[in-house]
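Asks: Here's a sequence, model it:
(one chain, ligands or ions: 1)
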Amino acid sequence: MSPQAVKALEPASTDPAFIRNFCIIAHIDHGKSTLADRMLQITGVVSDRDMRAQYLDRMDIERERGITIKSQAVRMPWSLNGETFALNMIDTPGHVDFTYEVSRSLAACEGAILLVDAAQGIEAQTLANLYLALENDLEIIPVLNKIDLPAADPDKYAKELASLIGGKPEDVLRVSGKTGMGVEELLDRVVGRIPNPVGDPDAPTRAMIFDSVYDTYRGVVTYVRMIDGQLSPRERIQMMSTRAVHDLLEIGVSSPEPTPTKGLGVGEVGYLITGVKDVRQSKVGDTVTTAVKPATDALPGYTDPKPMVFSGLYPIDGSDYPILRDALDKLKLSDASLNYEPETSVALGFGFRVGFLGLLHLEIVTERLQREFDLDLIATAPSVTYEVKTEDKQVVTVTNPSEFPSGKILEVSEPMVKVGILAPKDYVGTIMELCQSRRGALLGMEYLGEDRVELRYTMPLGEIVFDFFDHLKSRTQGYASLDYEPSGQQAADLVKVDILLQGDQVDAFSAIVHREKAYAYGVLMTERLKKLIPRQQFEVPIQAAIGARIIARESVRAMRKDVLAKCYGGDITRKRKLLEKQKEGKKRMKMVGKVEVPQEAFIAALSGDVETKDKK
Ligand SMILES: Nc1nc2c(ncn2[C@@H]2O[C@H](COP(=O)(O)OP(=O)(O)OP(=O)(O)O)[C@@H](O)[C@H]2O)c(=O)[nH]1
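Replies: Below you'll find the model as predicted:
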């Protein structure tokens, strides 16, 4: 390990004046992880030999998708004017779904590097993360990245950034995370511009939990930011929300691997291991204090984010249900934004209704469950929360279409979001057309610099969660970027469309859609299921209905003869092989009433991609 790296491991001097806590925030793909890589190398924490791209992106999914999902904290040493500082840097995710991760990282810092791709300029997430950082009173250091790119236009975007956050264009730093150019000057600016953390070393200890990860070998690893007092190894600590007391088995810093130190003082960022295996003992936002001299007031915790999208998760093999429950408990530890509760479906059996921050969050969680816990799952179509007022003035909250009350409905209201879309001005027309088709109402349009426009809409969340982002990207050659935030509920003419097989309703295929789109949904689903359901010994009528009214129908014709008919008199092995094949096939079937529906029918019928296949 390099001398600097060894230096980084010593706990910072008790004087927090030599500590700087900062994060890197930006729009997705503007280069946070690559810049973090260069910082790890330039400060000597990771040698050139050990360096690999996106070093801090730990999860396979992060590395495969090239996106950051979990905020990783790392300590780096940096000297300026003969003094050595401990820089605690937090790399953050850029996607709109992971704003919660960003907001937790920001609360542990005093400053933020606002990174903008010098070839793309300011994007929706740049603005969204900037507003979050300003809400946390962070010192902002504006930086243009990727200035090595031929398409980079730093002069143009320095002006844009300066007009956005104040200051002069010449104050905007210009770096390349790829080549390392300008990064040393940036580290100097971090030391010079970001205030050091403040706190009372003699007050009762208080540390804020800003992340926690479940490690199969070490149990729960809790990441904290020290506010007051200090923590030492072997100390007995207390979680203020549960009053639970634990022995501190290990305390240290990530530099970038977890490395034990002699303790943590005011302003420091590090990790604690207590050997606890129960995932609920270490809640993000909780305050850690010492058992011997506990603090009286807990720190302001995080507000758990409101899930924006719901989907039913069901194990394909019903006996995997307990494994799914434990897996969700474990994921919840490292992803506090995950909300779930048991749910049953006539067609799919026992599962969970899971709340996510957005579609990418849904995809990532489903992928993590399949990969880290070897679970084969069906995810029902994503839906949002509706408030349904019935004739007797009761208001029913519906997060699953099957909860939609039957009988006379007085009003249905749906969640709305305020949408911000940034794109080159040439795409304004196609974007407005798309938003209009999703029941969007234009709030305003502003020019940012000469050729970019920010469009603001209110739109039903239900019109965004499925494929709006994909359509927005494909209509604008990927140039448009999107951000949204909740903006209350609004009444709308919504109906529940049911799908019936042989007259039996299949709850997994029900959906709540706007009346104007009900017929199209019914036709789409009946046509799709006709392609996916194999022929049976009898005809299978497939119908779409609103209440008792049938709005679309298809049917799967009966199989003409017994599958063995053609081999009577044939040799016994062939007959046995055919029966074996038929039995194998049955294993993958879900019985819905008397109809055998293959698993892939549910998956294909519920996933958006079949829609695009249809379109193609
Ligand atoms: N030419 C050039 N490419 C860069 C530079 N920095 C990053 N990239 C490339 O830009 C892409 C995104 O880089 P990342 O560092 O993963 O971006 P990110 O902001 O961390 O992405 P998320 O974590 O998903 O938000 C990668 O292909 C990088 O190789 C740079 O300074 N110059």
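Asks: Going by C-alpha atoms from here, please, whenever you check contacts or count neighbours.
Replies: Fine.
Asks: quick one: low-confidence parts of the stretch 301-450 of the chain?
Replies: The model of the stretch 301-450 of the chain has pLDDT under 70 over residues 302-306, 308, 334, 336.
Asks: so what's His58 scoring on pLDDT?
Replies: Small correction: residue 58 is Arg, not His. Confidence at Arg58, expressed as pLDDT, is 62.
Asks: Quick check: phi and psi at Leu35.
Replies: Main-chain torsions, Leu35, degrees, to the nearest 10: phi -60, psi -40.
Asks: Can you check what pLDDT the model gives the nearest residue to it once chain neighbours are set aside?
Replies: The shortest distance from Leu35 to any non-neighbouring residue, by C-alpha to C-alpha, 6 or more residues apart in numbering, is to Gly177 (4.1 Å). Predicted confidence (pLDDT) for Gly177: 96.
Asks: what do you get for the one 4 residues further on?
Replies: The per-residue pLDDT reported for Met181 equals 96.
Asks: tell me, what residue is most central in the protein?
Replies: Nearest to the mean C-alpha position of the chain, by C-alpha atoms, centre = their mean, lies His361 at 3.2 Å.
Asks: Quick check: it vs the ligand, distance?
Replies: Distance of His361 to the ligand, computed by C-alpha to the nearest ligand atom, to the nearest Å: 13 Å.
Asks: pretty sure Ser163 is in a helix, no?
Replies: Yes: residue state for Ser163 (DSSP: H, G, I helix; E, B strand; the rest coil) corresponds to a helix.
Asks: What strand or helix carries Lys531?
Replies: Using DSSP states H and E, Lys531 maps to helix 515-532.
Asks: which ones are touching the one residue in the stretch 451-600 of the chain that gets nearest to the ligand?
Replies: In the stretch 451-600 of the chain, the residue that lies nearest the ligand is Ser481 (12.9 Å; C-alpha to the nearest ligand atom). Contacts for Ser481 (C-alpha atoms under 8 Å, 6 or more residues apart in numbering) come out as 123-125, 421-423, 473.
Asks: Could you rerun that using 7 Å?
Replies: Counting by C-alpha atoms under 7 Å, 6 or more residues apart in numbering, Ser481 touches 123-124, 421-423.
Asks: JSON lines for the residues you listed, including distance to Pro322 and secondary structure?
Replies: JSON lines is the format used below for the contacts of Ser481 (distance: C-alpha to C-alpha, whole Å; DSSP: H, G, I helix; E, B strand; the rest coil):
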{"residue": "Glu123", "distance to Pro322": "43", "secondary structure": "coil"}
{"residue": "Ala124", "distance to Pro322": "40", "secondary structure": "helix"}
{"residue": "Ile421", "distance to Pro322": "42", "secondary structure": "strand"}
{"residue": "Leu422", "distance to Pro322": "44", "secondary structure": "strand"}
{"residue": "Ala423", "distance to Pro322": "46", "secondary structure": "strand"}
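Asks: between those, which is nearest Leu299?
Replies: Checking these against Leu299 with C-alpha to C-alpha, the nearest one is Ala124 at 31.1 Å.
Asks: Need the per-residue pLDDT for the closest one.
Replies: The model's pLDDT for Ala124 equals 78.
Asks: same check, this time on Ile28
Replies: In this model, Ile28 carries a pLDDT of 82.
Asks: Let's verify it: helix, strand, or coil?
Replies: coil.
Asks: Just the element for Leu455, please.
Replies: With DSSP H and E as the test, Leu455 turns up in strand 452-460.
Asks: Off-centre distance for that strand?
Replies: 22 Å (C-alpha atoms, centre = their mean, to the nearest Å).
Asks: From the contact counts, what lies against it?
Replies: strand 409-424, strand 441-448 (3 or more C-alpha pairs under 7 Å, 6 or more residues apart in numbering; DSSP states H and E).
Asks: and the stretch 101-250 of the chain, which residues reach the ligand?
Replies: By the rule C-alpha under 6 Å from any ligand atom, the part of the stretch 101-250 of the chain lying against the ligand is 145-146, 148-149, 176-178.
Asks: And those, which of them are buried?
Replies: 145-146, 148, 176-178 (16 or more other C-alpha atoms under 10 Å).
Asks: which one of those residues sits closest to Asp50?
Replies: Using C-alpha to C-alpha, these come closest to Asp50 at Lys178, 16.5 Å.
Asks: Against Arg52, how distant is the residue nearest to the closest one when sequence neighbours are not counted?
Replies: In space, and not counting its chain neighbours, Lys178 is closest to Thr34: 6.5 Å by C-alpha to C-alpha, 6+ apart. According to C-alpha to C-alpha, to the nearest Å, Thr34 and Arg52 sit 10 Å apart.
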